[in-house]
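Engineer: here you go, sequence then predicted model.
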Amino acid sequence: MTKYIIRRLLQAIPIFFGITILSYLLMAAAPGGPVEALAFNNRLKPREKEELKYKLGINDPLPVQYLRWLLGDDWMRWDSDGDGVADGSVLIDYRGPVLNDKGKPKVDQDTGEMVTAPLPPGDRYGILRGDFGVSFYFKRPAQDVLFERLPATLELSLASFIVGTTLGLAVGILAAVYHRRAFDEVSRIGAVIINSVPNFGLGLLLILVFGSTLQVLPLAGRCKTTLDPACPPLPQRLEYLIMPTIVLAAGGVAGYSRFMRASMLDVVSQDYIRTARSKGLRERRVWLRHGMRNAFIPIATFLGPSITFLLSGAAITESVFSWPGVGRQVVNSVTQRDFPVVMIVVIYAGVANILGYLLSDIMYGLIDPRIRYD
Amino acid sequence: MKRTRRLLILCPLLAFALLLFGVPALAQDMGSGGAIIEPNFGDDPTTFNPIISNDGTSNDVIARMYPDFVGVDSATVQYAPGVKGALVSDWDISEDGMTYTFHLRDDMVWSDGMPITAMDVAWFMDAVLSGETSSPRQELIDRVESYEVIDDHTLSITFDEANCTLISTLAPVTPVPAHIFEEAYGDDYAGMDENEYNLNPTVTGGEAFVFANFRPGEQTTLLANADFTDAEQGAVIPEGWVYKVVTDQVVQMEQFFAGELTWVDSVPQANRADVKERGAAGEFQTYETPAGTIRFLSLNTADPTNPQDGLDEDGNPIDQGHHPILGDVRVRQALNYGMSFAEVNDGAFFGTGIPVASHVRPTDWSFPAGLEPYPFDPDKAMQLLDEAGFTDSDGDGVRECNGCQYAEEGAPLAFTAKTNAGNTSQEALYTILQDQWNELGFDVTVEFVEFGTLVSEFTAQTYDAIGVFWGLATPADPNGIASIFLPEADVVGAGYNTQSFNNPRLNELIADARVVPGCDVDVRKEMYGEAYQILRDESPWIWISTGDVLLAAQTTVENWAPRPGGSRWNIDAWMVSEQ
């Protein structure tokens, strides 16, 4: 098993780089850039907008931008004599153009050459050295923006994961037990309905019914709005978690219940179930001990990758409920073309996904004695 | 066995029921009763440092906890000396009109008790004029030649020329606590963006509130400033102010209806009728004020396949070519005559739009008498298209070029209008306009595009027609048209004269109106009036509408009295009682 895990982790390295290249290309290929998103402001002069492009480094060729993001730029442009400005560089220039009022490089009237000025040395280390860059919009480290929102996302996704899997598996088992009876039919129709309702629709519906009309649950947010510097501990604000959890868990209940039902029905047609029954075991023991346990094996396939969902948040639900999580932020960051924030979330979700599938495979090995990795 | 089965069925149902009803709900409004909870329909503030702030949310928070330098009188909506919450008590202008000497109040203090002085203004100016910060204050750098701290309460600023817009140039100037900023930032202006102090200010003041805390993704909280000397009632009444992030307009209004929000500064169009009705019935307090934005459709007059700057390095005009369809002023005018504002207003704006004729609102001081929007006159529109050489020779309902000015012979009278996707009123507007214009013989394609992409095309000047909003300054600054319609602003990828409009008379009027001797208001008004008329007649934009903004507050808020010059001008006197 250890060898297998190491082999899988080594295989993950090219996958990781593939994710970085693909996601960076997708981000860069998106029409409209951060300057347009950040600086649609009639007070800004053309020179300011152009200077912003140089400052953000988006005027450099795409491979250079990617390398800077991956490996930093302290090795691309350096200051060897310690005077605070760069005096040597590789891949990029250590002097930059001086811009005129129109944001165009100034040209020396006598020589016809572009007027340049020394640039500061590179000071970024790149993601491989733990530097995910500075958010274009928030002007602070991208990892800070992510980690500030992670607790809220974990809170909501864990709750919905627990509710979704518990209820989903229970409903699935019961639907299999009562195969082709009322409960089975109701759960089947319910699953289709739940899967057909978009999350934002269900969220707004719950808000209107339980928040506005019945006024039994708070409408949105993570806790009561006060002048306090932080939300109280979770047990004191559970009611804020209920509606977003229901919205997020609804899909899980529908999905897991269908998978569990199918898996259970598959298992109960096996010979060893027939053998168990013929031994005279009680029906409850047959279903729960022999049926359910084996039916869980395929379900493990889904549980591992759920980590991605747990960590990367749910954009729509978080937006509807003003939940201060990662998902909502990444939607804002895409609109703002805030590349560093979007990229750290993509990388982080990508790594979580790789680990999730690995976890799935490990779980297979643990719960299914037929599977051996060595 | 049966009991077990029942239990198996009931357990998940009970769990659901417990989730839904089992946890008692808490009260939904403020317990203290003294906090103002205002929705922030947007993202978090990016900084609380006035030197580098560049987004509306940050500016909103900064305005509540830092004093202005020169203030705007909320009653007259004009810059004025001695305004509440502003440091300047008076100013003198030198004979040449280039040097302003500002006299500062001596009774304002920071939250640590230190007086607010000219040095605090100088620190702001030093940082911005260094040109090293990311401060979006290029206008200041361009205009301010020098400044001098004469004493703690006197400061002079010398500009590069005498003109009538110098005071508005100083609008972004904000005193900052120099003794604290010096310690936090030193002279590393270039590194200011990433300094942690930006989001953790320890000393603020000079306004109704002081900084308390910031919860990313949730809210920014300010507390009453005990040292605010301009408080309407002698002391700041509300206990604090919370700027709460709300990300969905429907939810925002439901929170307001439920009493979770103290007030909303812009009721969405879909809720306006309901809120007004309930306001009239005494459920809410409401107030309507002219909007600070204009909806427009920019018409590219130049060749979109070959975007060019307006001027070369020596300031000479560069040939822009012509847009094959929209390059002809008669076609642009026909679009205006072919727009039924009444239909648009009903269909897209819920009847709340106000027609505008040019880049000025009827409520602005520079609005000239007699400036009228185009009437809806389809016959006149079709006549203009005939004159422009666009006729429907094949009877398919779409006109073609038959002797037109710039398009190829036989080319259809077609163009693409784009607007921002996701904005329902914009989408409705252009769907209606498409029908109206196609009735005239146009073949208009409408595309809804993601905003960042739209702005990218807008500044790249590769479009036919793009419709968005334009924010107008408060106080109104008629010189604002310079950044949209002068050839100097026609810079591909960066300037806002993206329609490549160039009218020599307009250029002359804008330049002259800035430097009228003595800044005589009547003379300037006449000059701007002619400029607005040129814009209306030449139609580089179709000015579609402005509107009223509906503000609403809970009836539990006492002293809520918005004015056109500021809805929060007396926020220090608001008394929020428990519902």
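Structural biologist: Good, I have the coordinates.
Engineer: what's in contact with stretch B:562-572?
Structural biologist: B:36, B:64, B:72-77, B:84, B:208, B:224, B:228, B:230-233, B:236-238, B:241, B:265, B:287, B:289-290, B:363, B:474-475, B:551, B:559, B:561 (Cβ atoms under 8 Å, 6 or more residues apart in numbering or on different chains). C-betas here are computed from N, CA, C, even on glycine.
Engineer: pLDDT of that stretch, averaged?
Structural biologist: In this model, stretch B:562-572 has an average pLDDT of 89.
Engineer: same question, stretch B:50-60
Structural biologist: 91.
Engineer: okay, buried residues for it please.
Structural biologist: B:50-55, B:57-58, B:60 (16 or more other Cβ atoms under 10 Å in any protein chain shown).
Engineer: restrict the residues you listed to those near chain A?
Structural biologist: Contacts with chain A within the buried residues of stretch B:50-60, as defined by Cβ under 8 Å from any Cβ of the partner chain: B:52, B:54.
Engineer: of the contacts of stretch B:562-572, buried ones?
Structural biologist: B:36, B:64, B:72-74, B:77, B:84, B:208, B:224, B:228, B:230-232, B:236-238, B:241, B:265, B:287, B:289-290, B:475, B:551.
Engineer: which residues touch residue 319?
Structural biologist: Defaulting to chain A. A:200, A:327-328, A:331, B:247-248.
Engineer: that's the other chain; I wanted chain B
Structural biologist: Counted by Cβ under 8 Å, 6+ apart, B:Asp319 has contacts B:Gln308.
Engineer: sec struct for it, please.
Structural biologist: Following DSSP: H, G, I helix; E, B strand; the rest coil, we place B:Asp319 in the coil state.
Engineer: next, give phi and psi for it.
Structural biologist: Phi and psi for B:Asp319, reported as degrees, to the nearest 10, are phi -60, psi 130.
Engineer: what distance do you get for it to chain A?
Structural biologist: 17 Å (Cβ to the nearest Cβ, to the nearest Å).
Engineer: next one: that residue from B:Gln308, what distance?
Structural biologist: Distance, B:Asp319 to B:Gln308, using Cβ to Cβ, to the nearest Å: 7 Å.
Engineer: and for A:Gln65?
Structural biologist: Separation of A:Gln65 from B:Gln308 (Cβ to Cβ) stands at 28 Å.
Engineer: B:Pro378 - how many residues pack around it?
Structural biologist: 15 (other Cβ atoms under 10 Å in any protein chain shown).
Engineer: contacting residues for it?
Structural biologist: Neighbouring residues of B:Pro378 by Cβ under 8 Å, 6+ apart: B:337-338, B:439-440.
Engineer: can you select the buried ones from these in PyMOL?
Structural biologist: Remark: buried members of the contacts of B:Pro378, expressed as a PyMOL selection using 16+ other Cβ under 10 Å:
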select buried, chain B and resi 337+338+440
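Engineer: from chain B, how far off is the residue lying closest to A:Ala300 once chain neighbours are set aside?
Structural biologist: What sits nearest to A:Ala300 in space, not counting adjacent residues and going by Cβ to Cβ, 6 or more residues apart in numbering or on different chains, is A:Met363, at 4.4 Å. Look at A:Met363 and chain B: by Cβ to the nearest Cβ, they are 24 Å apart.
Engineer: neighbours of A:Met363, how many?
Structural biologist: Residue neighbour count, defined by other Cβ under 10 Å, stands at 18 for A:Met363.
Engineer: so who does it touch?
Structural biologist: A:Met363 neighbours (Cβ under 8 Å, 6+ apart): A:300, A:303-304.
Engineer: so A:Pro229, which of the three states?
Structural biologist: For A:Pro229, the assignment made with three-state DSSP gives coil.
Engineer: quick one: contacts for it?
Structural biologist: By Cβ under 8 Å, 6+ apart, the contact set of A:Pro229 is B:212-213, B:215, B:221.
Engineer: just give me the neighbour total for the residue nearest to A:His179 when sequence neighbours are not counted.
Structural biologist: Distances taken as Cβ to Cβ, 6+ apart place A:Leu265 nearest to A:His179, at 6.4 Å, with adjacent residues excluded. Residues lying near A:Leu265 (other Cβ under 10 Å) number 17.
Engineer: check contacts around the single nearest residue of the stretch 201-350 of chain A relative to chain B.
Structural biologist: At 2.6 Å from chain B, A:Pro324 is the closest residue in the stretch 201-350 of chain A, using Cβ to the nearest Cβ. When contacts are counted by Cβ under 8 Å, 6+ apart, A:Pro324 is found next to A:149, A:152, A:222, A:318, B:215-218, B:245.
Engineer: same deal with B:Ser500?
Structural biologist: B:300-302, B:307-308, B:310, B:320, B:461, B:490.
Engineer: which SSE is the closest residue to A:Leu146 other than its chain neighbours in?
Structural biologist: Nearest non-adjacent residue to A:Leu146, counting by Cβ to Cβ, 6+ apart: A:Ile344, 5.3 Å away. Per DSSP states H and E: A:Ile344 is located in helix A:339-367.
Engineer: do me a favour and get the end-to-end distance for stretch A:264-277?
Structural biologist: In terms of Cα to Cα, to the nearest Å, the two terminal residues of stretch A:264-277 are separated by 15 Å.
Engineer: mind listing what's buried along that stretch?
Structural biologist: A:264-265, A:267-268, A:273, A:276.
Engineer: gap between B:Ala414 and chain A?
Structural biologist: With distances taken as Cβ to the nearest Cβ, B:Ala414 is found 23 Å from chain A.
Engineer: now do the contacts for the closest residue to that residue other than its chain neighbours.
Structural biologist: Leaving aside its sequence neighbours, B:Ala414 sits nearest to B:Asp443 (Cβ to Cβ, 6+ apart; 3.9 Å). By Cβ under 8 Å, 6+ apart, B:Asp443 lies in contact with B:398, B:412-414.
Engineer: can you lay out the residues you listed as a markdown table showing distance to B:Asn345 and secondary structure?
Structural biologist: What follows is the contacts of B:Asp443, written out as a markdown table (distance: Cβ to Cβ, whole Å; DSSP: H, G, I helix; E, B strand; the rest coil):
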| residue | distance to B:Asn345 | secondary structure |
| --- | --- | --- |
| B:Val398 | 27 | coil |
| B:Pro412 | 30 | strand |
| B:Leu413 | 26 | coil |
| B:Ala414 | 27 | strand |
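Engineer: so which of those wins on neighbours?
Structural biologist: Ranked by the number of neighbours (other Cβ under 10 Å), the contacts of B:Asp443 place B:Leu413 first, at 27 neighbours.
Engineer: the closest residue in space to that one that isn't next to it in sequence: what's it in contact with?
Structural biologist: Among residues not flanking B:Leu413 along the chain, B:Arg399 sits closest, at 4.1 Å (Cβ to Cβ, 6+ apart). Residues near B:Arg399 by Cβ under 8 Å, 6+ apart: B:385, B:390-392, B:412-413, B:440-442.
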